[in-house]
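Visitor: Return atomic coordinates for the entry below.
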Amino acid sequence: TSFMCISLIIKGCFVPANKMRFGLMDKLFVKIHTGVYTHLTMGVSNFLRDLFETSFAVAGATGRSLVLIDEFGIGTNEV
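Guide: Below is the predicted model:
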């Protein structure tokens, strides 16, 4: 929901909310599960891929960045 509202704001569209505060940001990192993308053929688990992608976002983020993470660890099997 947050990502959808921010996407609407960036595009100048109506945001379906009674009230919303939004500050300027210098970077936007979004990690979403697509259901298709996997690194298993390269020998990397979904969990490790999620760790790499999250690490990349956190390392590149500043105090004015927004990092949105959805469904971290999805597709990971319990051992």
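
Visitor: which residues does the closest residue to F3 other than its chain neighbours bridge with?
Guide: Excluding the flanking residues, the one nearest F3 by C-beta to C-beta, 6 or more residues apart in numbering is L68, at 5.0 Å. Every C-beta, even on glycine, is put in place using the N, C-alpha and C of the backbone. Beta-bridge pairing of L68, defined through DSSP bridges, involves V30.

Visitor: Can you report how many residues neighbour L68?
Guide: L68 has 13 neighbours, counted by other C-beta atoms under 10 Å.

Visitor: That one is in contact with S7, isn't it?
Guide: No: using C-beta atoms under 8 Å, L68 is not in contact with S7, being 10.1 Å away.

Visitor: where do the strands sit along this structure?
Guide: Counting by DSSP state E, the chain has these strands, from start to end: 28-31, 66-69.

Visitor: would you turn those into CSV with mean pLDDT and distance to F14?
Guide: Shown next, in CSV, are those (pLDDT from 0 to 100; distance: least, C-beta to C-beta, whole Å):
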stretch, mean pLDDT, distance to F14
strand 28-31, 78, 20
strand 66-69, 84, 20
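
Visitor: And the helices in this structure?
Guide: 2-10, 46-60 (DSSP state H).

Visitor: Identify whichever of the ones you listed lies nearest to G75.
Guide: helix 46-60 (4.0 Å; C-beta to C-beta).

Visitor: name the helices or strands packed onto the closest one?
Guide: Judged by 3 or more C-beta pairs under 8 Å, 6 or more residues apart in numbering; DSSP states H and E, the packing partners of helix 46-60 are strand 28-31, strand 66-69.
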